[in-house]
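[1] Have a look; sequence and predicted model below, questions after that.
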Amino acid sequence: MPPPQSMPVPDRRYRHGVVVGKFYPLHVGHAHLIRSAVRACERVTVEVIAASVESIPLDKRAAWVREDHPTVRVVDLLDDTPVDFASETAWDAHTATIAGLLDEPVDVVFTSDEYGAELARRLGADWVQVDPGRRLNPVSGTAIRADLDAHWHELSPAVRADLTARVVVLGAESTGSTTLAEALAAELGTLWVPEYGRELSETREGGLDAPWRSDEFDLVVDRQIVWEQDAARRAPRSVLICDTDVLATALWHERYVGTPAPRILQRAAAHRPALYILTGDEIPFVQDGMRDGEHIRADMQERFREVLAGQPVPWFEVRGSVAERVASALPAVRSAVAEATSFAAPMEGRPHAEQEELRRRAGG
C-alpha cells in the first residue's frame, strides 16, 4: 500500500478521524488542527499521549481538550516508549498504542507534521495535513515551553488557568498586604485577586460583631479559589498576585474560632503557590473599622512567620515603603515564577539512550 499523500482539509466526508498529540501544552495550532478534523468528519477521536517524564499531568491536558473541543471523543494514556521515527520497532509500538485507544477504525488521520503520512499508512487511512509548515499558526509546544509569556496569547483560558504561577501576599492586619498586592500586579502587568474574607465580613449576618462559625471559613476558601481560577483564566501574563490564600484563611480560623482547622490546612497543602510574601508589621496600624486592633497584630504576625517557616513554599518578609517593598520583592517573584512555569523536556527531546533508561525506570 503506497503511503497516503497529504491533501487539503476537505468538506465533511469522512466518518471517523483521529488527532494524536502530546498537547504539551495545548495551543492555537492544536485547536486549528482539531477544528479542521471536526469540520471534515462525522466523529473525531483526540488521543492525548504523554510521557511520565513530562511536567504537565496527563489529566490536565485531556481536560483542556475536553473543555475547548466538547464534541470530540478524548482518550488519554501515559506512554514511555522511546520516540524514534527511524525505528521500525518504535513505530510498531506507537501504532499499536494509538490503534488500541480507538473504539473503531479510522479512515483519516489529521496532523500538521510529516509523520502523519506514515501513521496514516499504518492505520490504513487517508492523511490530511493541516497548516503544513505552520504558516497560519507559527507556534509550537517547544517554543511555548521555552518562553511561556511570549506565547501566552496562544493559549486558551483553560490552559492559562493551570499554568499561571500564583504569588501570595499575606500578613497580619494593617501590614499593607493589599497595597503591596496591587502594586506588584501593576509593576508586573498582571491581575491581582482581592480577599474574599473581607467581603464576607461586610455582608455576613451580624457583621463583625457576630461570632464566626467554622464552616464560614470553608466558604471563604471555596470562594477565594474560584476568584483565583477566574483571574488566572483572564490574566495577561503567567503570574497572578493574590492578596491572601487558603493557608492565611487557616490562620484566621485559629484567631476567630479558637481552634486549628486541619481540613483547611489540608486544602492549603493541595493548593500551594509559587511564593509567599509576608508584609512587615513595622508600619503604623490603621483602624478602618473592620480590624481587631493593634494589640493583636504582633502576635498574629509572629504566628504567620511560624507557619510559613514550617511549610515548603519559599517565603520572605518585606519592610519599608511600598516602593521599597516592591523593589525587594520583584527579584524573588521573577525567580519563583520562572521556576514554576518551567517544563521538563518531552520524551522525544531527549537522547535515545536517555529515553530507553527513562522507559526502563518507568517499568516499560
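    That came through fine. Everything numeric here is computed off the predicted structure, so don't read it as measured data.

[2] Helices along the stretch 51-200 of the chain, start to end?
    58-68, 88-100, 115-123, 141-146, 157-163, 177-188, 196-203 (DSSP state H, counting those that start in this stretch).

[3] Restricting to C-alpha, output the fourth one in CSV.
    What follows is the C-alpha trace of helix 141-146 in CSV, where atoms were taken according to Å, rounded to 0.1, in the frame of the first residue of the first chain:
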residue,chain,number,x,y,z
GLY,A,141,4.9,23.4,22.0
THR,A,142,8.7,23.7,22.0
ALA,A,143,8.5,27.5,21.5
ILE,A,144,5.9,27.8,24.2
ARG,A,145,7.9,25.8,26.7
ALA,A,146,10.9,27.9,26.0
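
[4] Without its sequence neighbours, what residue ends up closest to residue 307?
    residue 251 (6.2 Å; Cβ to Cβ, 6 or more residues apart in numbering). For the C-beta atoms, the positions are set from N, CA and C on the backbone; glycine is no exception.

[5] who's in contact with the one you found?
    Listed by Cβ atoms under 8 Å, 6 or more residues apart in numbering, the contact set of residue 251 reads 300, 303-304, 307.

[6] which secondary structure element contains it?
    Using DSSP states H and E, residue 251 maps to helix 246-257.

[7] The helix or strand following that helix - what's its average pLDDT?
    With elements assigned by DSSP H and E, the helix or strand that comes after helix 246-257 is helix 262-269. Average pLDDT, helix 262-269: 97.

[8] What is helix 262-269 packed up against?
    Helices and strands touching helix 262-269, by 3 or more Cβ pairs under 8 Å, 6 or more residues apart in numbering; DSSP states H and E, are helix 214-234, helix 246-257.

[9] can you redo the ones you listed as a markdown table with distance to residue 39 and mean pLDDT?
    What follows is the helices and strands packed on helix 262-269, written out as a markdown table (distance: least, Cβ to Cβ, whole Å; pLDDT from 0 to 100):
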| stretch | distance to residue 39 | mean pLDDT |
| --- | --- | --- |
| helix 214-234 | 26 | 97 |
| helix 246-257 | 43 | 95 |
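
[10] Would you mind finding the most buried of those helices?
    Per residue and on average, the most neighbours among those fall to helix 246-257, with a mean of 21 (mean count of other Cβ atoms under 10 Å).

[11] report the angle between the axes of that helix and helix 177-188?
    Angle, helix 246-257 to helix 177-188, by axes from the mean of the first three to the mean of the last three Cα atoms, to 10 degrees: 170 degrees.

[12] Could you check how far helix 246-257 is from the centre of its chain?
    26 Å (Cα atoms, centre = their mean, to the nearest Å).
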